[in-house]
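[1] Provided below are the primary sequence and the corresponding predicted coordinates.
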Amino acid sequence: MSNLHTPKRFFSGYIFDLDGTVYLGEALLPTAGETLAVLRARDLRTIFISNNPTHAREEYANKLTRLGVPTPIEDILTSSLVMVDF
């Protein structure tokens with residue numbers, strides 16, 4: 001956690017884009033896992049979004065879990081889900 005800076009203020013929840021923000025290909029980006037672990041340890045909500053409609057929410061949840069960030073499907077929002085709800 002030496003690369004992380006402790007913010008002066010925390011919010012009750014955070015929304016993260018996936019590809020290129022949390023991970024790139026099959027690897028978490030530097031400090032992404034640590035940052036998410038710190039937020040979750042503080043019981044702060046973390047939600048993930050993707051505008052790529054070619055993958056199901058289950059795929060994203062499984063990928064995050066495989067990369068060391070256990071994530072329930074309910075914490076994944078995709079553009080196709082938003083469109084269907086609309």
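    Received, thanks.
[2] is residue 23 bridged to anything, and to what?
    Residue 23 has the following beta-bridge partners by DSSP bridges: residue 19, residue 28.
[3] in this model residue 29 seems to touch it, though I could be wrong.
    Yes. The pair residue 23 / residue 29 is scored as a contact, 6.1 Å apart, by Cβ atoms under 8 Å. From N, CA and C alone the C-beta is placed, and that goes for glycine too.
[4] looking at the two, which one has more neighbours?
    For residue 23 versus residue 29, neighbours defined as other Cβ atoms under 10 Å are more numerous around residue 23 (18 against 12).
[5] what about the more buried one, distance to residue 41?
    Residue 23 is 20 Å from residue 41, where distance means Cβ to Cβ, to the nearest Å.
[6] also residue 13?
    For residue 13, the distance to residue 41 equals 14 Å [Cβ to Cβ].
[7] show me the contacts for the spatially closest residue to residue 81 that is not a sequence neighbour.
    Nearest in space to residue 81, with sequence neighbours left out and distances taken as Cβ to Cβ, 6 or more residues apart in numbering, is residue 57 at 6.6 Å. Residue 57 makes contact with 73, 76-78, 81, according to Cβ atoms under 8 Å, 6 or more residues apart in numbering.
[8] can you redo those as JSON lines with neighbour count and distance to residue 9?
    What follows is these, written out as JSON lines (neighbours: other Cβ atoms under 10 Å; distance: Cβ to Cβ, whole Å):
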{"residue": "73", "neighbour count": "12", "distance to residue 9": "30"}
{"residue": "76", "neighbour count": "23", "distance to residue 9": "26"}
{"residue": "77", "neighbour count": "17", "distance to residue 9": "24"}
{"residue": "78", "neighbour count": "21", "distance to residue 9": "29"}
{"residue": "81", "neighbour count": "15", "distance to residue 9": "30"}
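[9] okay, who's weakest in those residues by pLDDT?
    Lowest pLDDT of the contacts of residue 57: residue 81, 82.
[10] any idea which element it lies in?
    helix 79-85 (DSSP states H and E).
[11] from the chain's centre, how far out does that helix sit?
    18 Å (Cα atoms, centre = their mean, to the nearest Å).
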